[in-house]
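Colleague: Predicted coordinates and the sequence they were generated for:
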Amino acid sequence: MDQERPKIAVVGSINMDLVVRCERIPQPGETLHASGFAEIAGGKGANQAVAAARAGGEVTMIGCVGHDAFADRLVAGLRDAGVNTDGVKPTECPSGIALITVSDCGENQILVVAGANAAVSPQYVQQHAEQIAAAEVLLLQLEIPLPGVLKAIEIAKAAGTRVILDPAPASTELPEELWDVDLLCPNSSEAQIIAAGHTDPHLALIPLAAELQRRGPNAVAITIGKSGTILFENDRGNLVPAFETHVRDTTAAGDAFAGALAVAWAGGASLADAVRVGNAAGSLSAAKDGAQPSLPTKSEIEVKLQENHS
């Protein structure tokens with residue numbers, strides 16, 4: 001691999017996404033006819049690894065797959081995207097699964113079955129401390145057990161590796177040590193759940209970002225879909241505007257954002273400029289179907305940035 005590419009480590013989930021497309025998300029107890037079904041490689045960790053690789057990073061994935069028909073396909077998808085999979089271990093349990101419903105307007109509903117992702121223990125993460133320490137940025141999410149996430153943070157902080165945490169799935173019961181990161185990047189719903197235990201569309205997001213930052217992260221970036229991203233750093237909050245797009249499927253938009261942001265930040269961009277790169281990647285992802293198939297390349301992101309600049 002090109003040694004000049006920003007080095008990114010990802011510790012997280014690897015799933016097979018079972019995706020159903022329908023006119024709208026069904027209500028509880030309701031049965032609807034679906035218009036399509038697909039099996040697509042996903043998982044927030046794997047998605048962010050692929051997003052970072054396509055955005056120009058030299059990426060190492062640390063995670064687990066099962067001993068089943070999905071495993072080889074999941075690992076092959078990572079390798080095809082240029083991700084180093086030396087840190088991916090097969091286990092005896094099934095691979096992780098995500099059941100995803102996507103409406104015609106791009107909204108989604110997701111259920112995750114951990115499967116092999118539950119095997120990403122502190123001991124397993126410790127085995128890959130060298131890869132984490134060698135990275136400029138570590139990407140983390142919450143689809144693996146918290147002890148493994150906390151061990152990865154501990155290793156990264158000791159090595160001077162910057163840490164980006166995507167706190168999804170969101171919870172009100174997050175341990176204090178989880179806040180010791182360089183950037184927390186929830187979406188607006190996740191930010192509200194973490195801070196208040198519920199969602200409120202009328203809640204002001206800059207004060208919310210300030211509240212989250214006071215808990216420990218050096219900076220907070222709250223993604224708000226078509227509106228862009230609230231970035232709170234150095235005691236100031238600002239809106240980094242979104243890019244115009246025709247929304248098709250938002251499943252991996254947040255992962256595209258995080259992966260591209262990590263590469264730009266590791267490559268020397270300011271955090272505000274890196275968020276702008278992330279916004280461009282997220283908008284490109286939302287315009288396509290699926291998780292990993294929707295993640296944009298570095299050249300696509302650069303074109304999007306130029307279009308908006310002009």
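Modeller: On my side now, so go ahead.
Colleague: Now find how far off-centre stretch 287-299 is within its chain.
Modeller: Computed by C-alpha atoms, centre = their mean, to the nearest Å, the chain-centroid distance of stretch 287-299 equals 13 Å.
Colleague: Stretch 282-301 too?
Modeller: 13 Å.
Colleague: Over to stretch 28-38?
Modeller: Chain-centre distance of stretch 28-38: 26 Å, with C-alpha atoms, centre = their mean.
Colleague: got it, and stretch 290-306?
Modeller: Distance, centroid of stretch 290-306 to centroid of chain: 15 Å (C-alpha atoms, centre = their mean).
Colleague: Count the residues that sit near His246.
Modeller: The tally of other residues near His246 (other C-beta atoms under 10 Å) stands at 8. Heads up, the C-betas are built off the backbone N, CA and C, glycines and all.
Colleague: which residue is nearest the centroid of this protein?
Modeller: Residue closest to the mean C-alpha point of the chain, counted by C-alpha atoms, centre = their mean, is Asp255 at 3.3 Å.
Colleague: For this protein, just list every one of the helices.
Modeller: Along the chain, the segments classed as helices by DSSP state H run 44-54, 69-80, 122-126, 129-134, 146-159, 188-196, 205-214, 253-266, 271-286, 298-309.
Colleague: list the contacts for the residue nearest to the centre of the chain?
Modeller: 44, 47-48, 51, 166, 285, 291, 295 (C-beta atoms under 8 Å, 6 or more residues apart in numbering).
Colleague: Not counting its neighbours along the chain, what's nearest it?
Modeller: If the residues on either side of it in the chain are set aside, Asp255 comes closest to Asn47, at 3.7 Å by C-beta to C-beta, 6 or more residues apart in numbering.
Colleague: so which of the contacts of Asp255 is the most crowded?
Modeller: Among these, Ala51 has the most neighbours (other C-beta under 10 Å), with 36 neighbours.
Colleague: Can you name the residues that contact that residue?
Modeller: With C-beta under 8 Å, 6+ apart, Ala51 has these contacts: 252, 255-256, 258-260, 281, 285, 295.
Colleague: nearest to Thr60, of those residues?
Modeller: In terms of C-beta to C-beta, no member of the contacts of Ala51 lies closer to Thr60 than Gly259, at 13.1 Å.
Colleague: pretty sure the closest one contacts Leu139?
Modeller: Yes: with contact defined as C-beta atoms under 8 Å, Gly259 reaches Leu139; the gap is 7.0 Å.
Colleague: residues shared between the contacts of those two?
Modeller: Counting by C-beta under 8 Å, 6+ apart, the contacts common to Gly259 and Leu139 are 8, 48-49, 52.
Colleague: Against Val181, how distant is the closest residue to Leu212 other than its chain neighbours?
Modeller: Spatial nearest neighbour of Leu212, chain neighbours left out: Val220 (4.8 Å); criterion: C-beta to C-beta, 6+ apart. For Val220, the distance to Val181 equals 10 Å [C-beta to C-beta, to the nearest Å].
Colleague: before we move on, what about Asp104?
Modeller: Asp104 is 36 Å from Val181, where distance means C-beta to C-beta.
Colleague: Those two - which one has more neighbours?
Modeller: A direct count of neighbours by other C-beta under 10 Å for Asp104 and Val181 places Val181 higher, at 24 against 12.
Colleague: Low-confidence stretches in the chain?
Modeller: For the chain, applying pLDDT under 70 flags the ranges 1-3, 197-203, 308-310.
Colleague: Report how many residues lie close to Thr31.
Modeller: Count around Thr31 with other C-beta under 10 Å applied: 5.
Colleague: residues in contact with it?
Modeller: The contact partners of Thr31, taken as C-beta under 8 Å, 6+ apart, number zero.
Colleague: and the nearest residue to Ile100 once chain neighbours are set aside, what does it touch?
Modeller: Once flanking residues are discounted, Ile100 sits nearest to Val19: 4.6 Å by C-beta to C-beta, 6+ apart. Val19 is in contact with 37-40, 100-102, 251, 290, counting by C-beta under 8 Å, 6+ apart.
Colleague: Recalculate using a threshold of 7 Å.
Modeller: 37-38, 40, 100, 102, 290 (C-beta atoms under 7 Å, 6 or more residues apart in numbering).
Colleague: Got a quick ChimeraX command for the buried subset of the residues you listed?
Modeller: Only the buried members of those enter the following ChimeraX selection, criterion being 16 or more other C-beta atoms under 10 Å:
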select :40,100,102,290
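Colleague: Which ones among the contacts of Val19 lie within strands?
Modeller: For these, the ones inside strands are 37-38, 40, 100, 102, with DSSP state E as the criterion.
Colleague: Including distance to Ser171, could those residues go into TSV?
Modeller: Output for the ones in strands among the contacts of Val19, formatted as TSV (distance: C-beta to C-beta, whole Å):
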residue	distance to Ser171
Phe37	30
Ala38	29
Ile40	26
Ile100	20
Val102	24
